[in-house]
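Provided below are the primary sequence and the corresponding predicted coordinates.
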Amino acid sequence: MQCNNFEQAYKKEMRAVQDSMDVLYGKWKISIISSICYYNKRRFSDILGDIDGISNKMLSKELKELEINQLIKRTVLDTQPVTVQYELTAHGKSLQTIINNLTDWGIKHRKVITGK
């Protein structure tokens, strides 16, 4: 009986990991979230400049997916020309600790691998 409870708990946790990966899947989403996390609010062109190698089309697609998943909020400002600004939602801000942990781990990992 106890083994069955363990398996159920394990499956629930694995489902949660998979759900998280489904939302954050791809080469760019973590970098986009990181850019917005660091600056609080970012314009499209700012995010584009922050992330080496991402195209306009891909950034637009990824931002739409992050908005659908309620991680970011898109605001159209009444300026000439029109400016679009992105910020994390309250739900998106819950990822800040994860982003900070990934940053710390990445710094340590780079030192392990390169010695720098």
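Here it is on my side, so go on. Residues are numbered from 1 along each chain as shown.

Show me what the strand or helix carrying residue 86 is packed against.
In the assignment (DSSP states H and E), residue 86 maps to strand 83-88. Counting contacts by 3 or more CB pairs under 8 Å, 6 or more residues apart in numbering; DSSP states H and E, strand 83-88 packs against helix 29-39, strand 41-43, helix 44-50, strand 72-77. Every residue, glycine included, has its C-beta placed from N, CA and C.

could you give the mean pLDDT of the first one?
So that's helix 29-39. Looking at helix 29-39 alone, the average pLDDT works out to 95.

Look through the chain and tell me its longest helix.
Counting by DSSP state H, the longest helix found in the chain is helix 2-24.

Buried ones in the lowest-mean-pLDDT helix or strand in the chain, by neighbour count?
The least trusted helix or strand in the chain, going by mean pLDDT, DSSP states H and E, turns out to be helix 2-24, with a mean of 87. By neighbour count on 16 or more other CB atoms under 10 Å, the buried set for helix 2-24 is 23, 24.

Could you check how far it is from the centre of its chain?
A distance of 21 Å separates the centroid of the chain from that of helix 2-24, by CA atoms, centre = their mean, to the nearest Å.

elements contacting it?
Looks like helix 2-24 contacts helix 29-39 (3+ CB pairs under 8 Å, 6+ apart).

Give the buried residues for the helix it packs on.
For helix 29-39, the buried set under the neighbour-count rule, 16+ other CB under 10 Å, comprises 29, 30, 31, 32, 33, 34, 35, 36, 37.

wait, which of the residues you listed is closest to residue 46?
Lowest distance from residue 46 to the buried residues of helix 29-39 (CB to CB) belongs to residue 35, with 7.4 Å.

Residue 54 versus the closest one, what's the distance?
According to CB to CB, to the nearest Å, residue 35 stands 10 Å off from residue 54.

wait, doesn't residue 34 sit right on residue 100?
No. Residue 34 lies out of contact with residue 100 (CB atoms under 8 Å); the separation is 9.6 Å.

shouldn't residue 92 be in contact with residue 67?
No. Judged on CB under 8 Å, residue 92 makes no contact with residue 67 at a distance of 9.7 Å.
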